[in-house]
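Asker: next comes the sequence, and after it the predicted model I'd like to discuss.
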Amino acid sequence: MKILTIGPWFSPHTQRPIRWLCENGFEVCFLGDNNPFPTEMPGYSFSIFPNTNDVIEAISRLQSIYNQFRPDVVHVHWIDARAWLCVQAGLKPLVLSVWGSDINDFFIPGCDTSFRLGVGETLSGADLTIIDAPTMAHKCSVLAGKEIATTFLHLGFDTSRFNRDYEQAASNWRERLKINQDAVVLLSPRGWGANNGHHKILEAFNNALPKFENDAVLLFKIYNRISFADNLIYEMEIRRRAIELGISDKIRWMENVPDNQVPEIFAASDIVINYPKKDTLPITLMEAAASGCCTITALLPSYLETFIEHHLRCFTPGCDDELVAAMIELVNMSPLQRKTLALGAQQEVINCFDEKMYIDGITNIYKALANGKVKNYTKYNLNNHFKNGNTVQKNAIWQNFIEVMLRQSVDAYLADNNDFTLDLLEYIALDRRNYTLSNNYYFLKAKVLLALGRVDEALAQMRKGQIVLSQIQNHH
């Protein structure tokens, strides 16, 4: 098959699929600002993306490239002007890969309205949109102004790289960072900036410190500092605050490390702390889980019904006392207790998010699109992944199947489909009578459980729903 690929040339979200496709016998032509693979690679070719400042010329040039290459599928990673131009040029069949960074900001007050409209038009014109978290499906449909075909397929990673013995490398890192070999290391690994809550993690660590029964160190892994001047100021503020609190000797700072050394950093850590304002389904938490680290995380809406909610130690965003309590509990555990606690997340991540799943999934998507069977692809997902018991895929596929394929109201199912099982109803993500709850299928799930007399389970779903609802209200 021939695939015309477009996206940021420097991004692994673009580079990794191209490499995998070429290794599996696809012919790929990449359009971008630069060539990510300057050395020869079988099946790969590169062309400069047309100048986006001249819309008419860019559309004409895109159509010319398309007619010359004659791809079976056009795949655009990341929604920007290039994706919009592909829609305007009528390139078909068109699949988009969207990330949380593309979509989430449009649901925050003060977003760029004109850009929002352009993104919505692009989503509406695509044949299929690949999302990186189940909760993105409804947001994409809202932006498009209609229900669109989406499927959840995470890029994944090579889980075997993280599930190895790095004991000596971990020991070397601790020695280099002047951390005792038997100390408990709490790692804050997310992108450097206030949006990822490193300052809140510092305050929680300080509050928990007097109740630790084991020696503990908080490790900040810094990157993107040079790219964003505000982040350097942010770092200085945190360093100053650590001095004010008198805990500088308990804090360590690590510069960004090459990708091939990231597994060593997780191996040198015992507990990962995650406190972003907003997120989708972060690969950092997957890598931590595959490494066997325990993780404490804020429970954001996009984390619900995933391995994060199932297995990680979660706290309510804004309830920092819960974070402090979780730190104390995990630090005071024995290494064996922490290792045992981490096993569930490790197994689910290895089973569900290895890059091999992406390779299989994207191949099936391309075949379905090339044959004009995007709806049948959704049915393929339904039959295969649900039967195979892939929890994360199952959640997204049931939700997608109902939203995109069935298009009937909740009450119609309750009234007219006596044989419709709770397994199907509980993954409906659209309550058409209440916009505030339309992002939240937990209230619906609670309603079904109540109808079946399962009160305790219904109350548990209502509590999950309140977490999402509070996030929505905070954004307004």
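Answerer: Sure, I can see it.

Asker: and the pLDDT at Leu414?
Answerer: pLDDT recorded at Leu414 is 41.

Asker: helix/strand/coil for the closest residue to Lys250 other than its chain neighbours?
Answerer: In this structure, Lys250 finds its nearest non-sequential neighbour in Val217, 5.7 Å apart by C-beta to C-beta, 6 or more residues apart in numbering. Every residue, glycine included, has its C-beta placed from N, CA and C. Here Val217 is recorded as strand under DSSP: H, G, I helix; E, B strand; the rest coil.

Asker: now swap in Thr297 and tell me
Answerer: Strictly by three-state DSSP, Thr297 counts as strand.

Asker: same check, this time on Pro210
Answerer: Recorded secondary structure, Pro210: helix (three-state DSSP).

Asker: also Phe30?
Answerer: Secondary structure assignment for Phe30 (three-state DSSP): strand.

Asker: now do the contacts for it.
Answerer: Residues in contact with Phe30 (C-beta atoms under 8 Å, 6 or more residues apart in numbering) are Thr5, Ile6, Trp9, Thr14, Ile18, Pro36, Phe37, Tyr44, Ser45, Phe46, Ser47.

Asker: tell me the confidence at it?
Answerer: 98.

Asker: what's across from Thr151 in the sheet?
Answerer: Ile130 (DSSP bridges).

Asker: the residue nearest to Lys250 - how many residues pack around it?
Answerer: Each residue near Val217 was counted by other C-beta atoms under 10 Å, and the total is 21.

Asker: and the pLDDT for it?
Answerer: Confidence score, pLDDT, at Val217: 98.

Asker: for it, give its distance to Val185.
Answerer: Between Val217 and Val185 the computed distance is 5 Å (C-beta to C-beta, to the nearest Å).

Asker: common neighbours of the two, please.
Answerer: Shared contacts of Val217 and Val185 (C-beta under 8 Å, 6+ apart): Ile179.

Asker: follow-up on the earlier one: surely the residue nearest to Lys250 touches Ile251?
Answerer: Yes. With contact defined as C-beta atoms under 8 Å, Val217 reaches Ile251; the gap is 7.4 Å.

Asker: before we move on, back to that, residues in contact with the residue nearest to Lys250?
Answerer: Ile179, Asn180, Ala183, Val184, Val185, Leu186, Lys250, Ile251, Arg252.

Asker: next: Met254.
Answerer: Contacts of Met254 by C-beta under 8 Å, 6+ apart are Leu177, Leu219, Phe220, Lys221, Ile222, Ile265.

Asker: which of these fall within strands?
Answerer: Leu219, Phe220, Lys221, Ile222 (DSSP state E).

Asker: as TSV, the residues you listed with distance to Tyr234 would be great.
Answerer: As requested, those are arranged in TSV below (distance: C-beta to C-beta, whole Å):
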residue	distance to Tyr234
Leu219	17
Phe220	11
Lys221	14
Ile222	10
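
Asker: what ranges do the helices span in the stretch 51-200 of the chain?
Answerer: 55-69, 81-88, 100-103, 113-125, 136-144, 159-162, 167-176, 198-208 (DSSP state H, counting those that start in this stretch).

Asker: quick one: closest of these to Phe353.
Answerer: Smallest distance to Phe353 across the helices of the stretch 51-200 of the chain (C-beta to C-beta): 6.9 Å, for helix 159-162.

Asker: from the chain's centre, how far out does that closest one sit?
Answerer: With C-alpha atoms, centre = their mean, to the nearest Å as the basis, helix 159-162 stands 18 Å off its chain's centre.

Asker: now swap in stretch 350-360 and tell me
Answerer: On C-alpha atoms, centre = their mean, the centre of stretch 350-360 falls 14 Å from that of its chain.

Asker: could I have the CA atoms of it written out in PDB?
Answerer: The C-alpha trace of stretch 350-360 is given here as PDB (Å, rounded to 0.1, in the frame of the first residue of the first chain):
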ATOM      1  CA  ILE A 350       2.300  -4.300  28.500                       C
ATOM      2  CA  ASN A 351      -0.800  -6.100  27.200                       C
ATOM      3  CA  CYS A 352      -2.600  -3.000  25.800                       C
ATOM      4  CA  PHE A 353       0.000  -0.300  24.900                       C
ATOM      5  CA  ASP A 354       2.900  -2.000  23.200                       C
ATOM      6  CA  GLU A 355       3.800  -0.400  19.900                       C
ATOM      7  CA  LYS A 356       3.000  -3.700  18.100                       C
ATOM      8  CA  MET A 357      -0.700  -3.000  18.800                       C
ATOM      9  CA  TYR A 358      -0.400   0.300  17.000                       C
ATOM     10  CA  ILE A 359       1.200  -1.300  14.000                       C
ATOM     11  CA  ASP A 360      -1.500  -3.900  13.700                       C
END
